[in-house]
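Peer 1: here's a sequence, model it:
(one chain, ligands or ions: 2)
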Amino acid sequence: MKKLFKEWSSKYDLTVSLFLILNPLISLTLTIIYVWTAREIPWAILVFALAFAAATNLSITAGYHRLFSHKSYDAHPIVRALFLLIGASGFQGSCLKWSSDHRRHHSKIDSENDPYNINNGFWYAHMGWMFQKSSVNMPIQAPDLEKDWMVMFQDKYYLWISIVTGFVFPMIIGHLFGSALAGLAIAGGLRIALTQQSTFFVNSLCHTLGRQTYSREISARDSFIVALLTHGEGYHNFHHKFQIDFRNGIRWYHWDPTKWTILTLKWMGLASKLRQISSAEILKARLQVESLKMKSRGFSDEQLENLREKILSAQNQLKRLTEEYERFRNEFQDASTAKLIRIRTDIQVAKIEFEMGMKLWRIYLKAA
Ligand SMILES: [Zn+2]
Ligand SMILES: [Zn+2]
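Peer 2: Ligands and ions are numbered 1, 2, ... in the order given. The predicted structure is shown next:
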């Protein structure tokens, strides 16, 4: 028995495993006991728990992920501090550890060195990897973050910060709203379990469900449904292809609350240098993937290459002319100047060329 336990404990991380299993069980039990004995649903605490859950998720997605792991924008120190404090309340590890693992996931995707390698199965990528010492304790590799005193402070005192923000704080708020126990169970434990699942889905579902829009070489996929579950991280194929972009959902209608939060922070003057991949580069990647599909259905390389070149050069021309128009408009002020009229006409021509090319491309794609 002792030998078996020794073997088990050398392979599995007991602290992490016990927390992941016991936290939802105990929190759910306490919630049921509270509702049973108090004979009421603590609505105020429930609303607070939902708001706190949204803040926790956003601190992970906009903070841990897009700000600290990928540096896809710069943020005011107050925002950075809030992301680190609220992020710790989610019990997903310190920002340093989380970011180091995540960067490794990007650079070693789908290989044995990917900490949440989807090739080891859905369950492994979702939660299983955290039970095992070999994957949960991979060495820290984030030299830039190791120079960031806020990140290092959070890492050093992570346990205390996470207990205070994750359990003590909701317990105090619960007490103010009528029950410290309900605060602890619902806004503490249950919120942690739910927000953890939201992040875990990124590593499992985002590598299982959806389309490979921008790259077929990686398992990451784009899915609206998964984006709903993950605060916008569901456009994961795009994200893996263009990890520096502050957006995951690039269209205005793509569900990406994380992107909207970053834009709101920018509007408030609290975020800057939002990094964005050019639409030309994004379209190029998409056409490349789509042409692979068409090629496998009998379209010739030459035929596809010609049309792709036509579309991309029309797009390029459109961009160049629009910039030229803006420049001259500022210079001449008068929009009826002959030069401006000529550029406007050229813009219309380039637009038609681009749209016609895309229309033909879509016809090809439908036929494939
Ligand atoms: Zn991924
Ligand atoms: Zn990422």
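Peer 1: immediately after the helix or strand encompassing Leu82, which helix or strand?
Peer 2: Using DSSP states H and E, Leu82 falls within helix 77-88. Counting by DSSP H and E, the element after helix 77-88 in chain order, helix or strand, is helix 95-107.
Peer 1: just checking, what packs against that next one?
Peer 2: Helices and strands touching helix 95-107, as assessed by 3 or more C-beta pairs under 8 Å, 6 or more residues apart in numbering; DSSP states H and E, comprise helix 77-88, helix 149-156. (C-beta placed from N, C-alpha, C; glycine too.)
Peer 1: let me have those in JSON lines, extended by distance to Leu265.
Peer 2: Below are these laid out as JSON lines (distance: least, C-beta to C-beta, whole Å):
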{"stretch": "helix 77-88", "distance to Leu265": "6"}
{"stretch": "helix 149-156", "distance to Leu265": "17"}
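Peer 1: so how many other residues sit close to Ala285?
Peer 2: Using other C-beta atoms under 10 Å, Ala285 has 18 other residues around it.
Peer 1: revised request: answer the last question for Leu209.
Peer 2: Counted with other C-beta under 10 Å, residues neighbouring Leu209 total 15.
Peer 1: now the helix holding Leu82 against helix 95-107, angle please.
Peer 2: Interaxial angle, helix 77-88 versus helix 95-107 (axes from the mean of the first three to the mean of the last three C-alpha atoms, to 10 degrees): 80 degrees.
Peer 1: export helix 77-88 as PDB, just CAs?
Peer 2: C-alpha atoms of helix 77-88 as PDB (Å, rounded to 0.1, in the frame of the first residue of the first chain):
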ATOM      1  CA  PRO A  77       0.100  49.500 -14.400                       C
ATOM      2  CA  ILE A  78      -3.300  49.700 -12.600                       C
ATOM      3  CA  VAL A  79      -4.800  47.300 -15.300                       C
ATOM      4  CA  ARG A  80      -1.800  45.000 -15.000                       C
ATOM      5  CA  ALA A  81      -2.200  44.900 -11.200                       C
ATOM      6  CA  LEU A  82      -5.900  44.200 -11.400                       C
ATOM      7  CA  PHE A  83      -5.400  41.400 -13.900                       C
ATOM      8  CA  LEU A  84      -2.800  39.800 -11.600                       C
ATOM      9  CA  LEU A  85      -4.900  40.100  -8.500                       C
ATOM     10  CA  ILE A  86      -8.200  39.000 -10.000                       C
ATOM     11  CA  GLY A  87      -6.400  36.400 -12.200                       C
ATOM     12  CA  ALA A  88      -4.900  34.800  -9.100                       C
END
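Peer 1: so which of the helices and strands packed on helix 95-107 is the most packed in?
Peer 2: Stretch with highest mean neighbour count among the helices and strands packed on helix 95-107: helix 77-88 (a mean of 20; mean count of other C-beta atoms under 10 Å).
Peer 1: what angle separates it from helix 149-156?
Peer 2: Angle between the axes of helix 77-88 and helix 149-156 is 20 degrees (criterion: the same axes, to 10 degrees).
Peer 1: just the buried positions in stretch 305-319, please.
Peer 2: Judged by neighbour count (16 or more other C-beta atoms under 10 Å), stretch 305-319 contains these buried residues: Leu307, Arg308, Lys310, Ile311, Leu312, Ala314, Gln315, Gln317, Leu318.
Peer 1: save those residues as JSON lines, and put in pLDDT, secondary structure and distance to Arg327 too.
Peer 2: Listed next are those as JSON lines, based on pLDDT from 0 to 100; DSSP: H, G, I helix; E, B strand; the rest coil; distance: C-beta to C-beta, whole Å:
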{"residue": "Leu307", "pLDDT": "91", "secondary structure": "helix", "distance to Arg327": "31"}
{"residue": "Arg308", "pLDDT": "92", "secondary structure": "helix", "distance to Arg327": "29"}
{"residue": "Lys310", "pLDDT": "93", "secondary structure": "helix", "distance to Arg327": "26"}
{"residue": "Ile311", "pLDDT": "95", "secondary structure": "helix", "distance to Arg327": "25"}
{"residue": "Leu312", "pLDDT": "93", "secondary structure": "helix", "distance to Arg327": "23"}
{"residue": "Ala314", "pLDDT": "93", "secondary structure": "helix", "distance to Arg327": "20"}
{"residue": "Gln315", "pLDDT": "93", "secondary structure": "helix", "distance to Arg327": "19"}
{"residue": "Gln317", "pLDDT": "92", "secondary structure": "helix", "distance to Arg327": "16"}
{"residue": "Leu318", "pLDDT": "93", "secondary structure": "helix", "distance to Arg327": "15"}
